[in-house]
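Student: The following block contains a protein sequence and its predicted model.
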Amino acid sequence: MDKENVYADLDIGETNTKLVLGTIFSEKLNICGAFSEPTKGIEGGDIASKSDLQATISSLISKAAKEGFEIDELVLVLPNSNLNVYRKKASYQVQSPNNVVSSKDIELLKRACTRYKIPENEMVVAVHPIKYLLDDNSTNKEEPIGMKGYNVSLDAFVVTLPTGIARGYVDALQDMGIEVLDAVLAPLANA
């Protein structure tokens, strides 16, 4: 197995913290390692002791290292306590000269959904599309990338966590020299 192309997922739960390692083979995720430790330093979704939380994570990273896996970046699974979900809509004019929707158009559209009436003390951690409209017609695709149109709209759930909680988890990992590639909410990671 090529241990260079391993994806790491860290799920910090109230009782246990899990580190799951996987590789992509034949377009499928294959689990190649899973480690668990009792969670220390978390109370009610908040970080009560950053050093205890980091000790829990360090223990998991050490277990992976003993198996030959070097972890310096990962996807963080955020707890679902204290999360808020808002339903937002936004529209965006397709920017490409030939009116073909690009991934950049979709990215800017999702970003536009996060700008409407989200409390300042909350941090957006995910935008989950409900449906896309292209020139006011529903699309059958998850994202209308590659389709032609003038205006693309999005109806989506915008998920937030209190900024202090979301930043606290990311900062704890970054202080350990671990890059957080993405953050996912626990219920969505399970799906």
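Tutor: Now that the structure is in, tell me what you want to look at.
Student: helices and strands of the chain: which one bottoms out on pLDDT?
Tutor: Counting by mean pLDDT, DSSP states H and E, the chain has its least confident helix or strand at helix 186-190, which shows a mean of 57.
Student: Could you find the closest non-adjacent residue to residue 31?
Tutor: Once flanking residues are discounted, residue 31 sits nearest to residue 22: 5.1 Å by Cβ to Cβ, 6 or more residues apart in numbering. (Each C-beta comes from the backbone N, C-alpha and C, glycine too.)
Student: Check residue 143 too.
Tutor: Nearest to residue 143 is residue 106, by Cβ to Cβ, 6+ apart, at 5.2 Å.
Student: so who does residue 20 touch?
Tutor: By Cβ atoms under 8 Å, 6 or more residues apart in numbering, residue 20 lies in contact with 8, 9, 11, 31, 33, 34, 35.
Student: before we move on, the earlier item: give me the helices and strands touching the helix or strand the residue nearest to residue 143 falls within, please.
Tutor: Element membership of residue 106, judged by DSSP states H and E, is helix 103-113. When contacts are defined as 3 or more Cβ pairs under 8 Å, 6 or more residues apart in numbering; DSSP states H and E, helix 103-113 sits against strand 84-93, strand 122-134, strand 151-162.
Student: and of the ones you listed, who's closest to residue 50?
Tutor: strand 151-162 (16.2 Å; Cβ to Cβ).
Student: Tabulate the CA atom coordinates of the helix or strand just after that closest one in CSV.
Tutor: Using DSSP H and E, the helix or strand that follows strand 151-162 towards the C-terminus is helix 163-175. This file holds the C-alpha atoms of helix 163-175, laid out as CSV (Å, rounded to 0.1, in the frame of the first residue of the first chain):
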residue,chain,number,x,y,z
THR,A,163,-16.7,31.0,16.2
GLY,A,164,-14.9,30.2,19.4
ILE,A,165,-15.7,26.5,19.2
ALA,A,166,-14.9,26.1,15.5
ARG,A,167,-11.7,28.1,15.7
GLY,A,168,-10.7,26.4,18.9
TYR,A,169,-10.6,22.9,17.3
VAL,A,170,-8.7,24.2,14.2
ASP,A,171,-6.3,26.2,16.3
ALA,A,172,-5.5,23.2,18.6
LEU,A,173,-4.5,21.2,15.5
GLN,A,174,-2.6,23.9,13.8
ASP,A,175,-0.6,24.6,17.0
